[in-house]
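**Student:** With the input below, show me the fold.
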Amino acid sequence: MGTWRPYNGARRSCPGRAGRGAAHGDRRDLQLTVRGIDQKDFIMARPSSQPYLHDSSAQASEQAPQARPTASTATKCATRGSLRWRVIDIAVGAAVGVMFWVFDGLSYGLFPLLTLILPGSAALLHALFYFPATLGLLIVRKPGASAYVLLVASFVEVVLGTKYSVSLVVIALVQALAAEAVFAVFRYRRWTLGVTLLSAVAIGIVYNFYLLFFYYQAFSFFSPRGLIGTACELLSAVVFAGFGSWVLYRALAKSGVLTRFASGR
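**Tutor:** Alright, predicted model coming up:
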């Protein structure tokens with residue numbers, strides 16, 4: 001039998017059980033602490049569904065602003081493309097030049113009659129020489145269109161025979177330079193009636209002074225012959241090379257024959 005020991009009323013402590021309870025409480029506190037940290041991290045930094053790649057080039061491309069084409073760049077590209085000559089531009093320009101030669105030939109028979117009626121009034125038909133310069137620019141809309149049209153017409157006339165011989169080519173170049181200068185001031189972007197009239201008047205002024213200096217040296221600018229000739233030249237330029245070219249161009253555009261040109265669209 002065991003030895004009996006008296007109960008003194010004091011509760012005996014169990015070191016093993018106390019140790020196990022303390023350890024269990026510590027583990028619960030640690031789990032709660034870790035779980036709270038995980039939940040907090042999960043809320044603050046939610047992982048992405050895609051893997052993260054450490055690519056320096058990708059980071060550089062994201063940081064660097066992407067270059068986008070501006071309006072000025074697009075306009076320059078479009079303008080550069082519209083100034084290139086095509087086969088159809090060459091063909092139509094040559095056709096307009098031949099038309100110039102036809103009108104030119106018809107006007108020669110009327111010059112002596114008008115000069116007989118009023119000296120200097122023959123200039124009323126001079127614009128039939130150079131109205132294709134403005135018409136060619138309105139249709140083709142390329143730098144040098146008027147020079148090309150007038151040179152084609154002058155070469156055809158020289159080959160077929162004319163009293164002006166090679167000097168006709170020089171006259172064509174003078175008229176073409178005057179027409180091109182006006183459209184070049186507007187950078188070949190304005191194809192309106194106003195610009196066409198300015199170009200026609202420029203041709204008339206330049207051609208009138210060319211005739212006074214090289215063909216009518218006997219008449220001064222302020223003589224009756226010179227004043228009548230200048231007035232008739234400017235009137236002819238406005239009527240034929242200005243309004244005439246514009247009306248003919250608009251009629252061709254409405255008929256649909258210029259659909260392959262920017263002028264027809």
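**Student:** I'd say Leu234 and Ile205 touch.
**Tutor:** Yes: counting by CB atoms under 8 Å, Ile205 is a contact partner of Leu234 at 7.2 Å. Quick note: C-beta positions are derived from backbone N, CA and C, even for glycine.
**Student:** Stretch 244-251: which residues count as buried?
**Tutor:** Gly244, Ser245, Trp246, Leu248, Tyr249 (16 or more other CB atoms under 10 Å).
**Student:** average pLDDT for that stretch?
**Tutor:** For stretch 244-251, mean pLDDT is 93.
**Student:** Stretch 111-121 now?
**Tutor:** 86.
**Student:** Could you pull out the buried residues of it?
**Tutor:** Those would be Leu114, Gly120, Ser121, for stretch 111-121 by 16+ other CB under 10 Å.
**Student:** what do you get for stretch 159-174?
**Tutor:** For stretch 159-174, using 16+ other CB under 10 Å, the buried residues are Thr162, Leu168, Val169, Ile171, Ala172, Val174.
**Student:** so where do the strands sit in the stretch 51-200 of the chain?
**Tutor:** For the stretch 51-200 of the chain, applying DSSP state E, counting those that start in this stretch gives no strands.
**Student:** ok, of the buried residues of stretch 159-174, which one's closest to Phe219?
**Tutor:** Ile171 (18.5 Å; CB to CB).
**Student:** dump the residue contacts of the closest one.
**Tutor:** Phe129, Ser154, Tyr164, Tyr207, Tyr210 (CB atoms under 8 Å, 6 or more residues apart in numbering).
**Student:** In strands, which of the buried residues of stretch 244-251 appear?
**Tutor:** In strands, defined here by DSSP state E, there are no members of the buried residues of stretch 244-251.
**Student:** could the residues you listed go into CSV alongside distance to Arg260?
**Tutor:** Listed next are the buried residues of stretch 244-251 as CSV, based on distance: CB to CB, whole Å:
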residue, distance to Arg260
Gly244, 24
Ser245, 20
Trp246, 20
Leu248, 18
Tyr249, 15
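**Student:** among these, which are in helices?
**Tutor:** Ser245, Trp246, Leu248, Tyr249 (DSSP state H).
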